[in-house]
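Student: Let me see the structure of the following:
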Amino acid sequence: MTTRTLDDTDLTDPRTFLVPGDELVEMWRRFRNESPVHWHEVSGRAVPGFWVLSRYHDLIEVYRDNRRFTSERGNVLTTLLEGGDSAAGKMLAVTDGPRHRDLRNVLLKAFGPRALEPVVAGVRERTDRLVRHAVEVGDCDFARDVAEHIPMATVADLLGVPASDRDYLLSLTKEALSTEVEGQSADEALVARNELLFYFSDLAAERRANPRDDVVSILATSTIDGEPLTEQEIIFNCYSVIIGGDETSRLSMICGMRELMAHPEQWRRLKSGEVTVESAVEEVLRWVSPAMHFGRRAVVDVEIGGRTLRAGDVVTLWNISANYDEEVFADPDSFDLGRTPNKHLSFGYGPHFCLGSYLGRAEIAAMLTALRTHVAEAVPNGPAKPIHSNFLRGYSSLPVSLRPAR
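Tutor: Now for the predicted structure:
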(Lines give C-alpha, C1' and ligand atoms only; values in the text may rest on other atoms or scores of the structure.)
Protein backbone atom coordinates (compact mmCIF):
# COMPACT_ATOMS: atom_id res chain seq x y z
CA MET A 1 0.00 0.00 0.00
CA THR A 2 1.33 3.42 -0.95
CA THR A 3 1.68 5.82 1.97
CA ARG A 4 -0.23 9.03 1.36
CA THR A 5 1.90 12.18 1.52
CA LEU A 6 0.96 14.84 4.03
CA ASP A 7 0.23 17.25 1.16
CA ASP A 8 -2.36 14.74 -0.10
CA THR A 9 -4.05 14.44 3.31
CA ASP A 10 -7.30 16.39 3.27
CA LEU A 11 -8.19 17.51 6.80
CA THR A 12 -11.37 19.20 5.56
CA ASP A 13 -12.80 15.80 4.51
CA PRO A 14 -14.56 13.86 7.31
CA ARG A 15 -13.61 10.59 5.59
CA THR A 16 -9.96 11.26 6.50
CA PHE A 17 -10.87 10.59 10.15
CA LEU A 18 -12.78 7.35 9.59
CA VAL A 19 -9.64 5.19 9.42
CA PRO A 20 -8.72 2.85 12.32
CA GLY A 21 -7.36 4.59 15.40
CA ASP A 22 -3.79 3.37 14.99
CA GLU A 23 -3.67 4.79 11.44
CA LEU A 24 -4.90 8.14 12.73
CA VAL A 25 -2.24 8.14 15.46
CA GLU A 26 0.44 7.39 12.86
CA MET A 27 -0.82 10.15 10.55
CA TRP A 28 -0.49 12.73 13.32
CA ARG A 29 2.92 11.40 14.33
CA ARG A 30 4.07 12.09 10.78
CA PHE A 31 2.69 15.63 10.95
CA ARG A 32 4.57 16.30 14.22
CA ASN A 33 7.82 14.82 12.94
CA GLU A 34 7.81 15.84 9.26
CA SER A 35 5.78 19.05 9.08
CA PRO A 36 4.71 20.33 12.52
CA VAL A 37 3.74 23.75 11.13
CA HIS A 38 2.11 22.64 7.89
CA TRP A 39 0.44 24.66 5.13
CA HIS A 40 -2.72 22.89 3.94
CA GLU A 41 -4.13 23.80 0.54
CA VAL A 42 -7.87 23.55 -0.06
CA SER A 43 -8.75 22.12 -3.45
CA GLY A 44 -12.03 22.41 -5.30
CA ARG A 45 -13.21 25.42 -3.28
CA ALA A 46 -12.62 29.14 -3.65
CA VAL A 47 -11.17 29.49 -0.16
CA PRO A 48 -7.61 30.05 1.03
CA GLY A 49 -5.53 27.34 2.67
CA PHE A 50 -4.77 27.11 6.37
CA TRP A 51 -2.00 26.25 8.81
CA VAL A 52 -2.01 22.92 10.65
CA LEU A 53 -0.28 22.91 14.06
CA SER A 54 0.23 19.47 15.58
CA ARG A 55 2.82 19.81 18.40
CA TYR A 56 1.67 20.28 21.99
CA HIS A 57 3.85 23.30 22.81
CA ASP A 58 2.92 25.09 19.59
CA LEU A 59 -0.77 24.68 20.45
CA ILE A 60 -0.14 26.02 23.96
CA GLU A 61 1.60 29.08 22.49
CA VAL A 62 -1.38 29.94 20.28
CA TYR A 63 -4.11 29.03 22.79
CA ARG A 64 -2.71 31.38 25.42
CA ASP A 65 -2.15 34.29 22.99
CA ASN A 66 -5.37 36.17 22.30
CA ARG A 67 -3.53 39.28 21.18
CA ARG A 68 -1.73 37.92 18.11
CA PHE A 69 -4.44 35.32 17.39
CA THR A 70 -8.19 35.94 17.44
CA SER A 71 -11.25 33.74 17.80
CA GLU A 72 -13.54 36.44 16.49
CA ARG A 73 -13.39 35.25 12.88
CA GLY A 74 -14.28 31.66 13.76
CA ASN A 75 -12.87 28.98 16.04
CA VAL A 76 -13.43 25.80 14.01
CA LEU A 77 -12.33 24.94 10.50
CA THR A 78 -15.75 25.21 8.89
CA THR A 79 -16.46 28.79 9.98
CA LEU A 80 -12.85 29.89 9.54
CA LEU A 81 -12.84 28.79 5.90
CA GLU A 82 -16.19 30.50 5.32
CA GLY A 83 -14.63 33.78 6.43
CA GLY A 84 -16.15 34.22 9.85
CA ASP A 85 -18.76 33.36 12.44
CA SER A 86 -22.06 35.24 12.71
CA ALA A 87 -21.82 34.98 16.52
CA ALA A 88 -18.43 36.75 16.68
CA GLY A 89 -18.29 39.32 19.46
CA LYS A 90 -21.52 37.94 20.96
CA MET A 91 -20.86 34.28 21.85
CA LEU A 92 -18.17 33.63 24.47
CA ALA A 93 -16.21 31.14 22.34
CA VAL A 94 -15.79 33.62 19.48
CA THR A 95 -15.28 36.80 21.50
CA ASP A 96 -11.96 38.23 22.70
CA GLY A 97 -10.76 41.12 24.85
CA PRO A 98 -12.76 42.87 27.60
CA ARG A 99 -16.13 41.66 26.27
CA HIS A 100 -14.93 38.05 26.51
CA ARG A 101 -13.85 38.62 30.11
CA ASP A 102 -17.18 40.22 31.03
CA LEU A 103 -19.31 37.53 29.34
CA ARG A 104 -17.22 34.81 31.00
CA ASN A 105 -17.79 36.41 34.40
CA VAL A 106 -21.55 36.41 33.79
CA LEU A 107 -21.55 32.71 32.90
CA LEU A 108 -19.26 31.77 35.80
CA LYS A 109 -22.21 32.49 38.09
CA ALA A 110 -23.73 29.26 36.80
CA PHE A 111 -20.60 27.19 36.13
CA GLY A 112 -18.55 27.48 39.32
CA PRO A 113 -18.11 24.21 41.30
CA ARG A 114 -20.27 25.47 44.19
CA ALA A 115 -23.13 26.51 41.89
CA LEU A 116 -22.94 23.13 40.15
CA GLU A 117 -23.11 20.96 43.29
CA PRO A 118 -26.85 20.15 42.97
CA VAL A 119 -26.46 19.64 39.21
CA VAL A 120 -23.61 17.14 39.73
CA ALA A 121 -25.70 15.27 42.33
CA GLY A 122 -28.40 14.93 39.67
CA VAL A 123 -25.81 13.72 37.13
CA ARG A 124 -24.70 10.93 39.47
CA GLU A 125 -28.24 9.80 40.20
CA ARG A 126 -29.30 9.88 36.54
CA THR A 127 -26.18 8.06 35.32
CA ASP A 128 -26.43 5.35 37.95
CA ARG A 129 -30.09 4.77 37.07
CA LEU A 130 -29.42 4.57 33.32
CA VAL A 131 -26.49 2.15 33.71
CA ARG A 132 -28.43 -0.06 36.15
CA HIS A 133 -31.33 -0.25 33.71
CA ALA A 134 -28.99 -1.09 30.82
CA VAL A 135 -27.44 -3.89 32.87
CA GLU A 136 -30.86 -5.29 33.75
CA VAL A 137 -31.81 -5.36 30.08
CA GLY A 138 -28.44 -6.92 29.17
CA ASP A 139 -28.20 -5.84 25.53
CA CYS A 140 -28.33 -2.14 24.63
CA ASP A 141 -26.95 0.55 22.38
CA PHE A 142 -24.72 2.33 24.87
CA ALA A 143 -24.64 5.51 22.77
CA ARG A 144 -28.39 5.85 22.29
CA ASP A 145 -29.73 4.22 25.46
CA VAL A 146 -27.24 5.57 28.02
CA ALA A 147 -24.73 8.23 26.93
CA GLU A 148 -27.14 10.42 24.94
CA HIS A 149 -29.37 10.98 27.96
CA ILE A 150 -26.75 12.14 30.47
CA PRO A 151 -25.15 15.40 29.22
CA MET A 152 -28.22 16.59 27.33
CA ALA A 153 -30.43 16.19 30.40
CA THR A 154 -27.77 17.94 32.49
CA VAL A 155 -27.41 20.90 30.13
CA ALA A 156 -31.18 21.09 29.79
CA ASP A 157 -31.41 21.30 33.59
CA LEU A 158 -28.87 24.12 33.57
CA LEU A 159 -30.74 26.01 30.88
CA GLY A 160 -34.20 25.30 32.29
CA VAL A 161 -35.37 23.43 29.17
CA PRO A 162 -38.65 21.51 29.72
CA ALA A 163 -38.30 17.72 29.69
CA SER A 164 -40.68 17.48 26.72
CA ASP A 165 -38.25 19.43 24.49
CA ARG A 166 -35.05 17.52 25.25
CA ASP A 167 -35.17 14.85 22.56
CA TYR A 168 -35.87 17.56 19.99
CA LEU A 169 -32.86 19.59 21.15
CA LEU A 170 -30.62 16.51 21.10
CA SER A 171 -31.52 15.79 17.48
CA LEU A 172 -30.83 19.41 16.51
CA THR A 173 -27.49 19.36 18.35
CA LYS A 174 -26.29 16.29 16.48
CA GLU A 175 -27.42 17.71 13.13
CA ALA A 176 -25.75 21.06 13.81
CA LEU A 177 -22.24 19.70 14.42
CA SER A 178 -21.91 16.13 13.21
CA THR A 179 -23.72 13.76 10.92
CA GLU A 180 -24.47 10.09 11.33
CA VAL A 181 -24.51 9.50 7.61
CA GLU A 182 -22.19 10.64 4.90
CA GLY A 183 -23.77 13.15 2.56
CA GLN A 184 -25.76 15.37 4.91
CA SER A 185 -25.63 18.83 3.39
CA ALA A 186 -24.26 21.97 4.99
CA ASP A 187 -27.74 23.45 4.52
CA GLU A 188 -29.24 20.84 6.85
CA ALA A 189 -26.68 21.68 9.54
CA LEU A 190 -27.43 25.39 9.08
CA VAL A 191 -31.16 24.79 9.46
CA ALA A 192 -30.52 22.86 12.69
CA ARG A 193 -28.38 25.68 14.09
CA ASN A 194 -31.04 28.24 13.24
CA GLU A 195 -33.75 26.12 14.86
CA LEU A 196 -31.70 26.04 18.07
CA LEU A 197 -31.33 29.82 18.00
CA PHE A 198 -35.06 30.36 17.45
CA TYR A 199 -35.84 28.01 20.31
CA PHE A 200 -33.63 29.91 22.75
CA SER A 201 -34.95 33.27 21.55
CA ASP A 202 -38.41 32.19 22.68
CA LEU A 203 -37.12 30.74 25.95
CA ALA A 204 -35.10 33.90 26.74
CA ALA A 205 -38.17 36.09 26.24
CA GLU A 206 -40.09 33.92 28.68
CA ARG A 207 -37.27 34.00 31.29
CA ARG A 208 -36.83 37.76 30.98
CA ALA A 209 -40.43 38.12 32.08
CA ASN A 210 -40.32 35.32 34.66
CA PRO A 211 -36.72 34.60 35.78
CA ARG A 212 -35.84 31.25 37.34
CA ASP A 213 -32.69 29.67 38.73
CA ASP A 214 -31.12 28.70 35.39
CA VAL A 215 -28.53 29.87 32.85
CA VAL A 216 -31.07 31.41 30.48
CA SER A 217 -32.42 33.55 33.33
CA ILE A 218 -28.89 34.62 34.33
CA LEU A 219 -28.14 35.71 30.77
CA ALA A 220 -31.53 37.38 30.32
CA THR A 221 -31.29 39.42 33.52
CA SER A 222 -27.54 40.19 33.83
CA THR A 223 -25.93 43.50 32.94
CA ILE A 224 -22.43 44.52 31.82
CA ASP A 225 -21.44 48.11 32.64
CA GLY A 226 -25.06 48.74 33.54
CA GLU A 227 -26.40 47.56 30.17
CA PRO A 228 -28.37 44.31 29.68
CA LEU A 229 -26.99 41.69 27.34
CA THR A 230 -28.37 41.92 23.81
CA GLU A 231 -30.81 39.28 22.61
CA GLN A 232 -28.13 37.92 20.28
CA GLU A 233 -25.67 37.55 23.16
CA ILE A 234 -28.28 35.66 25.16
CA ILE A 235 -29.32 33.22 22.44
CA PHE A 236 -25.82 32.65 21.04
CA ASN A 237 -24.48 31.80 24.50
CA CYS A 238 -27.39 29.43 25.16
CA TYR A 239 -26.51 27.77 21.87
CA SER A 240 -22.87 27.56 22.94
CA VAL A 241 -23.76 25.95 26.28
CA ILE A 242 -25.95 23.28 24.73
CA ILE A 243 -23.54 22.43 21.91
CA GLY A 244 -20.41 22.41 24.07
CA GLY A 245 -22.08 20.79 27.05
CA ASP A 246 -23.52 17.88 25.11
CA GLU A 247 -20.99 16.83 22.49
CA THR A 248 -17.70 16.53 24.45
CA SER A 249 -19.12 14.54 27.36
CA ARG A 250 -21.39 12.34 25.27
CA LEU A 251 -18.70 11.34 22.81
CA SER A 252 -16.15 10.80 25.58
CA MET A 253 -18.56 8.47 27.39
CA ILE A 254 -19.27 6.43 24.27
CA CYS A 255 -15.61 6.15 23.27
CA GLY A 256 -14.65 5.45 26.89
CA MET A 257 -16.99 2.46 26.97
CA ARG A 258 -15.57 1.22 23.68
CA GLU A 259 -11.97 1.54 24.91
CA LEU A 260 -12.71 -0.27 28.18
CA MET A 261 -13.99 -3.22 26.14
CA ALA A 262 -10.93 -3.07 23.87
CA HIS A 263 -8.50 -2.92 26.82
CA PRO A 264 -9.55 -5.56 29.37
CA GLU A 265 -6.51 -4.95 31.58
CA GLN A 266 -7.54 -1.30 31.99
CA TRP A 267 -11.10 -2.39 32.78
CA ARG A 268 -9.67 -4.70 35.46
CA ARG A 269 -7.64 -1.85 36.96
CA LEU A 270 -10.69 0.42 37.09
CA LYS A 271 -12.96 -2.31 38.44
CA SER A 272 -10.52 -3.32 41.20
CA GLY A 273 -9.84 0.24 42.31
CA GLU A 274 -6.17 -0.01 41.28
CA VAL A 275 -6.66 3.29 39.44
CA THR A 276 -8.84 6.18 40.54
CA VAL A 277 -11.90 7.31 38.67
CA GLU A 278 -10.33 10.79 38.51
CA SER A 279 -7.21 9.63 36.64
CA ALA A 280 -9.36 7.41 34.40
CA VAL A 281 -11.48 10.43 33.41
CA GLU A 282 -8.39 12.36 32.28
CA GLU A 283 -7.07 9.45 30.20
CA VAL A 284 -10.43 8.96 28.49
CA LEU A 285 -10.43 12.66 27.58
CA ARG A 286 -6.84 12.53 26.30
CA TRP A 287 -7.31 9.32 24.35
CA VAL A 288 -10.60 10.29 22.74
CA SER A 289 -9.86 14.01 22.08
CA PRO A 290 -13.55 14.47 21.14
CA ALA A 291 -13.07 17.99 19.74
CA MET A 292 -10.26 17.16 17.33
CA HIS A 293 -9.32 20.76 16.61
CA PHE A 294 -10.00 24.40 17.31
CA GLY A 295 -8.82 27.35 15.26
CA ARG A 296 -7.77 30.97 15.26
CA ARG A 297 -6.83 33.69 12.78
CA ALA A 298 -3.49 35.44 13.00
CA VAL A 299 -3.85 39.17 13.68
CA VAL A 300 -0.20 40.00 12.89
CA ASP A 301 2.71 38.13 11.30
CA VAL A 302 3.92 35.45 13.75
CA GLU A 303 6.80 32.98 13.54
CA ILE A 304 6.18 29.47 14.86
CA GLY A 305 8.49 26.53 14.34
CA GLY A 306 10.62 28.47 11.87
CA ARG A 307 7.69 29.37 9.62
CA THR A 308 5.97 32.72 9.24
CA LEU A 309 2.21 32.82 9.72
CA ARG A 310 0.92 35.96 8.00
CA ALA A 311 -1.71 38.32 9.37
CA GLY A 312 -5.11 37.01 8.30
CA ASP A 313 -4.00 33.37 7.97
CA VAL A 314 -6.24 30.63 9.37
CA VAL A 315 -4.45 28.56 12.03
CA THR A 316 -5.87 25.19 13.13
CA LEU A 317 -4.83 23.61 16.44
CA TRP A 318 -5.13 19.82 16.42
CA ASN A 319 -5.77 18.56 19.95
CA ILE A 320 -5.99 15.02 18.61
CA SER A 321 -2.29 15.27 17.72
CA ALA A 322 -1.04 17.28 20.69
CA ASN A 323 -2.63 14.81 23.12
CA TYR A 324 -0.34 12.11 21.70
CA ASP A 325 2.84 14.21 21.55
CA GLU A 326 5.80 12.07 22.63
CA GLU A 327 7.57 15.17 23.95
CA VAL A 328 4.87 15.55 26.61
CA PHE A 329 3.25 12.14 27.20
CA ALA A 330 5.24 9.01 28.03
CA ASP A 331 4.17 6.09 25.82
CA PRO A 332 1.27 8.12 24.40
CA ASP A 333 -0.04 5.27 22.23
CA SER A 334 -0.95 3.26 25.36
CA PHE A 335 -4.37 3.64 26.95
CA ASP A 336 -3.33 3.97 30.60
CA LEU A 337 -6.06 4.86 33.10
CA GLY A 338 -3.45 5.52 35.77
CA ARG A 339 -1.53 8.05 33.68
CA THR A 340 -0.19 10.95 35.68
CA PRO A 341 0.51 13.74 35.02
CA ASN A 342 -2.00 14.05 32.20
CA LYS A 343 -2.15 17.65 30.98
CA HIS A 344 -4.19 16.98 27.85
CA LEU A 345 -5.73 19.75 25.76
CA SER A 346 -9.19 18.27 25.29
CA PHE A 347 -10.77 21.31 26.97
CA GLY A 348 -8.42 23.74 25.24
CA TYR A 349 -6.11 26.06 27.15
CA GLY A 350 -5.68 29.72 28.07
CA PRO A 351 -8.39 32.43 28.00
CA HIS A 352 -10.83 30.16 26.12
CA PHE A 353 -10.37 27.11 28.38
CA CYS A 354 -13.72 25.31 28.41
CA LEU A 355 -16.12 26.86 30.92
CA GLY A 356 -17.90 23.52 31.36
CA SER A 357 -14.80 21.40 32.06
CA TYR A 358 -15.77 20.75 35.71
CA LEU A 359 -19.21 19.52 34.69
CA GLY A 360 -17.85 17.47 31.78
CA ARG A 361 -15.40 15.70 34.07
CA ALA A 362 -18.18 15.05 36.60
CA GLU A 363 -20.35 13.41 33.92
CA ILE A 364 -17.60 11.09 32.71
CA ALA A 365 -16.69 10.27 36.33
CA ALA A 366 -20.32 9.39 37.05
CA MET A 367 -20.38 7.01 34.09
CA LEU A 368 -17.13 5.27 35.05
CA THR A 369 -18.30 4.96 38.66
CA ALA A 370 -21.61 3.41 37.59
CA LEU A 371 -19.89 0.97 35.23
CA ARG A 372 -17.42 -0.05 37.94
CA THR A 373 -20.25 -0.57 40.40
CA HIS A 374 -22.87 -2.38 38.30
CA VAL A 375 -21.07 -4.11 35.42
CA ALA A 376 -19.03 -7.29 35.71
CA GLU A 377 -18.29 -7.61 31.99
CA ALA A 378 -19.04 -5.66 28.82
CA VAL A 379 -18.56 -6.97 25.29
CA PRO A 380 -19.39 -5.55 21.84
CA ASN A 381 -22.67 -6.71 20.35
CA GLY A 382 -22.43 -5.28 16.85
CA PRO A 383 -20.38 -2.74 14.90
CA ALA A 384 -19.88 0.76 16.29
CA LYS A 385 -21.10 3.50 13.95
CA PRO A 386 -18.69 6.47 13.67
CA ILE A 387 -19.95 10.01 13.24
CA HIS A 388 -19.09 11.88 10.06
CA SER A 389 -17.18 15.05 11.00
CA ASN A 390 -13.87 16.85 10.57
CA PHE A 391 -14.33 18.46 13.99
CA LEU A 392 -15.76 15.84 16.36
CA ARG A 393 -14.58 12.30 16.97
CA GLY A 394 -16.79 9.50 18.25
CA TYR A 395 -19.68 7.14 17.59
CA SER A 396 -23.42 7.55 17.22
CA SER A 397 -24.09 3.87 17.94
CA LEU A 398 -22.31 1.34 20.17
CA PRO A 399 -24.17 -1.97 20.69
CA VAL A 400 -22.99 -3.79 23.82
CA SER A 401 -23.91 -6.72 26.04
CA LEU A 402 -23.55 -6.11 29.77
CA ARG A 403 -23.28 -8.74 32.52
CA PRO A 404 -24.28 -7.52 35.98
CA ALA A 405 -21.93 -7.42 38.94
CA ARG A 406 -23.08 -9.48 41.89
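Student: Which parts of stretch 285-295 count as buried, going by neighbours?
Tutor: Judged by neighbour count (16 or more other Cβ atoms under 10 Å), stretch 285-295 contains these buried residues: 285-295. From N, CA and C alone the C-beta is placed, and that goes for glycine too.
Student: I'd like the mean pLDDT over that stretch, please.
Tutor: If you average the pLDDT over stretch 285-295, you get 97.
Student: do stretch 25-41 as well
Tutor: Mean predicted confidence for stretch 25-41 is 97.
Student: That one: end-to-end distance?
Tutor: From its first residue to its last, stretch 25-41 covers 22 Å (Cα to Cα, to the nearest Å).
Student: which residues touch stretch 336-345?
Tutor: 56, 59-60, 63, 266, 269-270, 274-276, 279-280, 282-286, 289, 319, 322-323, 328-329 (Cβ atoms under 8 Å, 6 or more residues apart in numbering).
Student: swap in stretch 220-236?
Tutor: 87, 90-91, 99, 102-103, 106, 109, 197, 200-201, 204, 207-208, 211, 216, 219.
Student: One more: stretch 200-209?
Tutor: For stretch 200-209, contacts defined as Cβ under 8 Å, 6+ apart pick out 159-161, 214, 216-217, 219-221, 231, 234-235, 238-239.
Student: mind listing which of those are in helices?
Tutor: Applying DSSP state H to the contacts of stretch 200-209, the entries found in helices are 159, 216-217, 219-221, 231, 234-235, 238-239.
Student: Could you name the helices and strands sitting against the one helix or strand E282 maps to?
Tutor: Per DSSP states H and E: E282 is located in helix 277-288. On a contact count with 3 or more Cβ pairs under 8 Å, 6 or more residues apart in numbering; DSSP states H and E, helix 277-288 meets helix 231-262, helix 357-374.
Student: how about the helix or strand containing D202: buried residues?
Tutor: Assessed by DSSP H and E, D202 sits inside helix 186-209. In terms of neighbour count (16+ other Cβ under 10 Å), helix 186-209 has its buried residues at 189, 192-193, 195-197, 199-200, 203-204, 207-208.
Student: coming back round to it: nearest to L116, out of the helices and strands packed on helix 277-288?
Tutor: L116 sits nearest to helix 357-374 of all these, at 5.8 Å, using Cβ to Cβ.
Student: angle of that closest one against helix 231-262?
Tutor: 30 degrees (axes from the mean of the first three to the mean of the last three Cα atoms, to 10 degrees).
Student: contacting residues around helix 357-374?
Tutor: With Cβ under 8 Å, 6+ apart, helix 357-374 has contacts from 111, 113, 116, 119-120, 123-124, 126-128, 130-132, 135, 146-147, 150-151, 154, 245, 248-249, 252-253, 256-257, 260, 270-271, 277-278, 280-281, 284-285, 347, 354, 378, 404-405.
Student: Taking the ones in helices among the contacts of stretch 200-209 together, which two end up most distant?
Tutor: T221 and Y239, at 18.5 Å, using Cβ to Cβ across the ones in helices among the contacts of stretch 200-209.
Student: circling back to that earlier point, the helix holding D202: how far from the chain's middle?
Tutor: Relative to its parent chain, helix 186-209 has a centroid offset of 20 Å by Cα atoms, centre = their mean, to the nearest Å.
Student: No more questions from me, cheers.
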